Every structure is written in C-alpha cells, then in structure tokens.
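K.L.:
structure of the sequence below:
(one chain, ligands or ions: 2)
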Amino acid sequence: MAKLEIIDMQKLYKTGDGVRHINISVEEGELVTLLGPSGCGKTTILRTVGGFIECDAGDIQIDQQSIIHLPPEKRPTAMVFQSYNLWPHMTVHDNLEFGLKLRKIAKPERQKRISNMLELVKMPDMHKKYPGQMSGGQQQRIAIARSLLLEPQVLLLDEPFSALDAKIRQQMREELRKIQTDLNITVLFVTHDQEEAMALSDRVIVMNKGSIEQVGTPNQIYNRPISRYVADFIGEMNFLNLPQGKVLAVRPENVQVMPGSGGEMAGFVRTIMMLGHYIEMTVDTDYGIVKAFITDEQSQKFARGDAVSMTFNHTQEYMPA
Ligand SMILES: Nc1ncnc2c1ncn2[C@@H]1O[C@H](COP(=O)(O)OP(=O)(O)O)[C@@H](O)[C@H]1O
Ligand SMILES: [Mg+2]
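P.N.:
Ligands and ions are numbered 1, 2, ... in the order given. Presented below is the predicted three-dimensional model:
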C-alpha cells in the first residue's frame, strides 16, 4: 500500500509557473527521486508535501490520510535542504536534541537516541562541535540525522548533496542508501543530477516544465526512455537524423565500430579520446556525428580520418524535436 500519495496536485505561482497534474505514489520503504533540470518544479512538489506552500488543487495523503490542511510541524514529514540546515549557534548535540525536547522525550532517552544516531551517521564523537567547525559533508550528515530523529513517516530531501564535492557526494549517496534501507524509511528525494538519481533510487520520476514525463526504475528510464526529452536528459545519447524525418537514438556504448565497410552506417573517424577506463571515438556520418565508447584495444585499429562503418544495438526511434 502507498505510504505517500500525491493525487492530481497543482500549484501555480502568480507568474503561471509551477506544477500541474502531479500524480505520485511512494511505497513504504521506497526511495523515489524527482529528477529534472533547474526550474522544472521539483522543489515546489517537495514543499507542498512538507507543508511550506499550499497547493491549488488535488490532494496529498500519507497512510491514506489527507495532510494538506496540516501546518508543516503537524505533518509526519521532515525536510532537509541543500544548505543552511543546522542552527549555527548550537552544538551538534543541541541541534539534535531540540526536536526531541519539543516532543517531551525524557533526558536519558534523548541522550541514548542522539548517541545511536551519531553512530549511525558515522560521527560518534561530534557532540560538542559547532556547525562552523565541520565540513559541508559532515554538516549534511548531521542535518539528515536530525531529521531522522523526528522519525518522520516520509523524509523529504531537496538536493541535499549538491553543494558537496563529487567524491563526498558519492560517499553520502551510499551512506544514505544504506541507512534508508536498514531503517526502511520512505524517501522522496530531489536532484537535477541524473547519475545521483540512477544510483540512489528505487524509482525515478523525470520532470519536464512542471509536469511528469516518465516514471520508472532506473533501468526502465535508461533503457526505455519514452521520449526524446528523457533520452536526452538521462545518460549520453546519439540522435541521428535519418531520411523521412525519423530520429534514431542510440547510446555510445551500443555503437560498434569496424574498419572499412560492412556495417549499417558508414563514416570517417573524427576524434579518438582517452577517458580513463574507456575510449571515446566520434565518427562523421551523413546523418550527424556519432559518439561511440570503445576499449583501448579496439581503438588501436583506428586513426583519425579512417573510413569506418558501424552497427547499432538497442536503438529507439523518436519524432524530430
Ligand atoms: N515563490 C515563487 N514565486 C514565483 N515563481 C516561483 C516561486 N518558486 C518557484 N517559482 C518558479 O516555479 C518553477 C519551478 O520552480 P522550482 O520548484 O523551484 O523548480 P526546481 O526545484 O525544479 O528547480 C520555476 O519556473 C520557478 O522560477
Ligand atoms: Mg529546487
């Protein structure tokens, strides 16, 4: 049964921007991600769930109960933002204790829960630190810890890692995923980073200009994008303009290149670039430039300007943009 249900929800700002016809269902213990470019309405949806903005139409339910008339503090949700999450004048301990005090949890129990939570986020000795004395990644861990201490029915995370360095970001993803599955927490996560969405999520909701474009598992979104928009936004994709106005889409890892002729499409090697554990080759064709990912060994057979031909696995056709 769905833990969180957003039903035909609409929120339009005075400017006409916003979100419409939003239908989202998140199962208990599921991590679902809203993915899309800046301005597509991700934060708007999260804020309507958290109660920070009112929706114009539709309903939002947790455990089949409508929550839209509850103020944020009465909702069984907790939200973590991109930054400025902690109270700077309070120690880590006090930041974590605040919500527990409000809930009138007795002191020994508060101590116990805070210590357990700091263990969980791998920061057991940080009780006395102030936010300004910690790295961005550590602060976000504490912010997530604080929201988890409130034991929300649904945890809302709005680009919580996007201000962090790539390496820390990846580490935080893995930690969040572990904690989320261990504790069986229901999460609605927001990011504009398709790699983050693919790595973290049980299901991904791809958004486009205030509407939902596709909902699916990372695998479905990657391998069966329903539109050119999704195909373009997720991963890398070649779009080739065939005769009769057709557009053929193929991912670079699904392009095989061979010397000479014999393949489906002929062309000339344009560039060969070493990218670490694989080689990126581009080929000039009559239908556009094709990017292919090949191995170091394969790349030895080719030089710039060589006549080559290609075969494609797993292609899709779209209407022209
Ligand atoms: N308070 C507001 N008043 C007017 N327009 C807003 C407001 N907040 C967001 N918007 C607009 O609504 C759209 C969606 O914004 P937002 O939900 O913040 O997108 P995202 O989080 O995906 O970047 C954007 O066009 C944005 O400019
Ligand atoms: Mg946003």
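K.L.:
from start to finish, how long is stretch 252-261 in a straight line?
P.N.:
19 Å (Cα to Cα, to the nearest Å).
K.L.:
mind checking how far it is from the chain centre?
P.N.:
Chain-centre distance of stretch 252-261: 31 Å, with Cα atoms, centre = their mean, to the nearest Å.
K.L.:
same question for stretch 292-308.
P.N.:
Mean-position distance between stretch 292-308 and its chain equals 34 Å (Cα atoms, centre = their mean).
K.L.:
endpoints of that stretch, how far apart?
P.N.:
Counting by Cα to Cα, you get 12 Å between the two ends of stretch 292-308.
K.L.:
pLDDT on that stretch, on average?
P.N.:
Here stretch 292-308 scores 95 as its mean pLDDT.
K.L.:
the closest residue in space to Asp232 that isn't next to it in sequence: which element?
P.N.:
Spatial nearest neighbour of Asp232, excluding adjacent residues (Cβ to Cβ, 6 or more residues apart in numbering): Phe239 at 7.5 Å. For glycine as for every other residue, the C-beta is placed from the backbone atoms N, C-alpha and C. Assessed by DSSP states H and E, Phe239 sits inside strand 238-241.
K.L.:
what residues are up against Thr186?
P.N.:
Lys3, Leu4, Val26, Glu27, Glu28, Gly29, Glu30, Leu31, Gln153, Val154, Leu155 (Cβ atoms under 8 Å, 6 or more residues apart in numbering).
K.L.:
re earlier: give me the helices and strands touching whichever helix or strand comes after the strand holding Phe239, please.
P.N.:
Using DSSP H and E, the next helix or strand after strand 238-241 towards the C-terminus is strand 247-250. With contacts taken as 3 or more Cβ pairs under 8 Å, 6 or more residues apart in numbering; DSSP states H and E, strand 247-250 sits against helix 228-233, strand 238-241, strand 316-318.
K.L.:
note down every partner strand of the second one and its orientation.
P.N.:
In the sheet, strand 238-241 lines up against strand 247-250 (antiparallel) (DSSP bridges).
K.L.:
how about the residues of the chain near ligand 1?
P.N.:
Tyr13, Thr15, Asp17, Gly18, Gly36, Ser38, Gly39, Cys40, Gly41, Lys42, Thr43, Thr44 (Cβ under 6 Å from any ligand atom).
K.L.:
got JSON lines for the contacts of Thr186, with distance to Gly245 too?
P.N.:
Listed next are the contacts of Thr186 as JSON lines, based on distance: Cβ to Cβ, whole Å:
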{"residue": "Lys3", "distance to Gly245": "45"}
{"residue": "Leu4", "distance to Gly245": "42"}
{"residue": "Val26", "distance to Gly245": "39"}
{"residue": "Glu27", "distance to Gly245": "41"}
{"residue": "Glu28", "distance to Gly245": "46"}
{"residue": "Gly29", "distance to Gly245": "46"}
{"residue": "Glu30", "distance to Gly245": "40"}
{"residue": "Leu31", "distance to Gly245": "40"}
{"residue": "Gln153", "distance to Gly245": "49"}
{"residue": "Val154", "distance to Gly245": "45"}
{"residue": "Leu155", "distance to Gly245": "46"}
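K.L.:
format the residues you listed as CSV; extra columns: pLDDT.
P.N.:
Compiled in CSV, these are given as follows (pLDDT from 0 to 100):
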residue, pLDDT
Lys3, 98
Leu4, 98
Val26, 98
Glu27, 98
Glu28, 97
Gly29, 97
Glu30, 98
Leu31, 98
Gln153, 96
Val154, 97
Leu155, 97
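K.L.:
quickly compare the helices and strands packed on strand 247-250 and say which is most buried.
P.N.:
Across the helices and strands packed on strand 247-250, averaging neighbours per residue (mean count of other Cβ atoms under 10 Å) puts helix 228-233 on top, at a mean of 20.
K.L.:
any idea of the mean pLDDT for that helix?
P.N.:
Model confidence over helix 228-233 averages 93 on the pLDDT scale.
K.L.:
my guess is Phe52 contacts Pro71. True?
P.N.:
No - using Cβ atoms under 8 Å, Phe52 makes no contact with Pro71, being 9.6 Å away.
K.L.:
so for these two, which sits in the more crowded spot?
P.N.:
Between Phe52 and Pro71, counted using other Cβ atoms under 10 Å, Phe52 has the larger neighbour count: 15 against 8.
K.L.:
gap between the residue nearest the centre of the chain and Lys101?
P.N.:
Among the residues of the chain, the one closest to the centroid is Ala197, at 2.7 Å (Cα atoms, centre = their mean). Applying Cβ to Cβ, to the nearest Å, the value for Ala197 to Lys101 is 36 Å.
K.L.:
repeat for Met9
P.N.:
From Met9 to Lys101 the distance is 34 Å (Cβ to Cβ).
K.L.:
over to His314?
P.N.:
According to Cβ to Cβ, His314 and Lys101 sit 56 Å apart.
K.L.:
tell me which element the residue of the stretch 51-200 of the chain found nearest ligand 1 falls in.
P.N.:
Nearest residue of the stretch 51-200 of the chain to ligand 1 (Cβ to the nearest ligand atom) works out as Val190 at 6.6 Å. Using DSSP H and E, Val190 sits within strand 186-191.
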